[in-house]
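Trainee: Any chance you could fold what I've pasted below:
(one chain, ligands or ions: 1)
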Amino acid sequence: MSALPGSAEGTAVTGLDSSPVDPAPADLDPIPARAVAEAREIIARYPQPRSALLPMLHLVQSYQGYVTPEGVRFCADQLGLTMAEVGAVATFYTMYKRRPTGRHLVSVCTNTLCAVLGGQRIFDALADDLGVHHDETAADGSITLEHAECLAACDYAPVVTVDYEFYDQQDVESARELVAALRRGEKPSPTRGAPLTDFRGISRQLAGFSQHADAAAADAAVDADDELGPTLVGLRLAAQRGESAPFLPGADKPTEPVGPFGAVRPAGPGQTTEQKAADTAQAAAGTPAERSGAAQAHPDAPEPAGRALADKDDGTETPAGSEPGTSGQGPRKKG
Ligand code: FES
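Mentor: Coordinates of the predicted model:
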């Protein structure tokens, strides 16, 4: 039985999912014979064959644009797994697509910071232009659009990725222009990182194979120049203001033993037995984890922000950050 998880047939196989899945297009190319050798190459990277499942799913996506019923069976056959096991993984991760994708996958971050700065407006505008909703593909097959959770580039918000390459600090107009260019067959340069490929190309890279013809082309495609401007703005401001961070507990051990607030003071008459013991434990800590634990347990360690606020409170009002829906970062009410 060949069934994609998510289809009615697939539900019978996996027992896990009943969301609709489009049938495979009639003109879908089959997975080529050379994929067997590539699968063996992937499997050889791991001590256990089943550990190769994630890159194998990217491999079948690189050939067919999504995880088809044939792709599920291919992975199961190559890895000695059941189709249900493959389906359980393929339906868990959003990077594995369960219906045909467009030439490019456009992901719009609508998580908190990007949403506040316009991510949702960008998504809505692109959805209008393309005539699609989340996880749907434009009628011309050019673009699949999706909401994305935090893309780990909050300092560049609002962020859009195309085939997982970053287009930083977008607004509605720039994102519309980007998508229009993609639909014309252009490949605008990402803000940073490697040049844009397409969804099948990036799937092949995620399977661990180069899509470039030779080493020179691959070298040229890695890591375009980037000024790291938004990432480093805090560092630049600190330098201008002459500010520096205190020693971070758990960081590499400096040449002089230090405590949470700087150099460990010599034991003296002003120290309690507890402080002396904590200083000794901190100086003897050998690993980052031990140093971090010793620093946090030190009696001189700073109180967590929430506790400090609560301790200062007179008990007549809810401390900032304790009320549902508050971050605790706003001003406190004056008594
Ligand atoms: S919230 Fe959008 S990248 Fe983090």
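Trainee: Tell me, how many residues neighbour whichever residue of the stretch 151-300 of the chain sits closest to the ligand?
Mentor: Residue nearest to the ligand within the stretch 151-300 of the chain: residue 154 (3.5 Å; C-beta to the nearest ligand atom). Yep, even glycine has a C-beta here, placed from its N, CA and C like the rest. Neighbours of residue 154 under the rule other C-beta atoms under 10 Å: 16.
Trainee: Residue numbers of the stretch 51-200 of the chain in contact with the ligand?
Mentor: 109, 111, 112, 113, 114, 150, 151, 153, 154, 157, 159 (C-beta under 6 Å from any ligand atom).
Trainee: what's the nearest residue to the third one if we skip its chain neighbours?
Mentor: Using C-beta to C-beta, 6 or more residues apart in numbering and skipping residues adjacent in sequence, the residue nearest residue 112 is residue 150, 7.7 Å away.
Trainee: what comes up buried for the helix or strand residue 76 falls within?
Mentor: Assigned by DSSP states H and E, residue 76 belongs to helix 69-79. Using 16 or more other C-beta atoms under 10 Å as the test for burial, helix 69-79 gives 69, 70, 71, 72, 73, 74, 75, 76, 78, 79.
Trainee: list the contacts for the last one?
Mentor: Just to be clear, that refers to residue 79. 43, 49, 50, 52, 53, 56, 86 (C-beta atoms under 8 Å, 6 or more residues apart in numbering).
Trainee: Restricted to buried residues, select those residues in PyMOL.
Mentor: The buried subset of the contacts of residue 79, as determined by 16+ other C-beta under 10 Å, is captured in PyMOL by this line:
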select buried, resi 43+49+52+53+56+86
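Trainee: Give me the subset of the contacts of residue 79 that lies in helices.
Mentor: The members of the contacts of residue 79 that map onto helices under DSSP state H are 43, 53, 56, 86.
Trainee: so what's the third one closest to, chain neighbours aside?
Mentor: Closest residue to residue 56 apart from its sequence neighbours, by C-beta to C-beta, 6+ apart: residue 75 at 4.7 Å.
Trainee: Tell me where the protein has helices.
Mentor: Counting by DSSP H, the helices of the chain are 8-14, 34-43, 53-64, 69-79, 83-90, 112-116, 119-130, 172-183, 199-206, 215-220, 229-241, 273-284, 288-297, 305-312.
Trainee: can I get the ones you listed in TSV with mean pLDDT?
Mentor: Shown next, in TSV, are the helices of the chain (pLDDT from 0 to 100):
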stretch	mean pLDDT
helix 8-14	44
helix 34-43	97
helix 53-64	97
helix 69-79	96
helix 83-90	95
helix 112-116	96
helix 119-130	98
helix 172-183	98
helix 199-206	95
helix 215-220	75
helix 229-241	81
helix 273-284	70
helix 288-297	66
helix 305-312	41
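Trainee: can you redo those helices as CSV with distance to residue 192?
Mentor: Listed next are the helices of the chain as CSV, based on distance: least, C-beta to C-beta, whole Å:
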stretch, distance to residue 192
helix 8-14, 38
helix 34-43, 28
helix 53-64, 22
helix 69-79, 31
helix 83-90, 30
helix 112-116, 17
helix 119-130, 19
helix 172-183, 15
helix 199-206, 15
helix 215-220, 15
helix 229-241, 10
helix 273-284, 39
helix 288-297, 29
helix 305-312, 33
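Trainee: To residue 249, which of those lies closest?
Mentor: helix 288-297 (3.2 Å; C-beta to C-beta).
Trainee: ok, back up a step: out of the helices of the chain, nearest to residue 100?
Mentor: Per C-beta to C-beta, nearest to residue 100 of the helices of the chain: helix 53-64, 8.3 Å.
Trainee: Could you count how many residues lie near residue 114?
Mentor: By other C-beta under 10 Å, the residues close to residue 114 number 26.
Trainee: how far away is residue 104 from residue 49?
Mentor: 32 Å (C-beta to C-beta, to the nearest Å).
Trainee: follow-up on the earlier one: the residue nearest to residue 56 touches residue 55, doesn't it?
Mentor: No - the pair residue 75 and residue 55 fails to qualify as a contact (C-beta atoms under 8 Å) at a distance of 10.1 Å.
Trainee: Touching, residue 101 and residue 143? I think so.
Mentor: No - judged on C-beta under 8 Å, residue 101 makes no contact with residue 143 at a distance of 9.1 Å.
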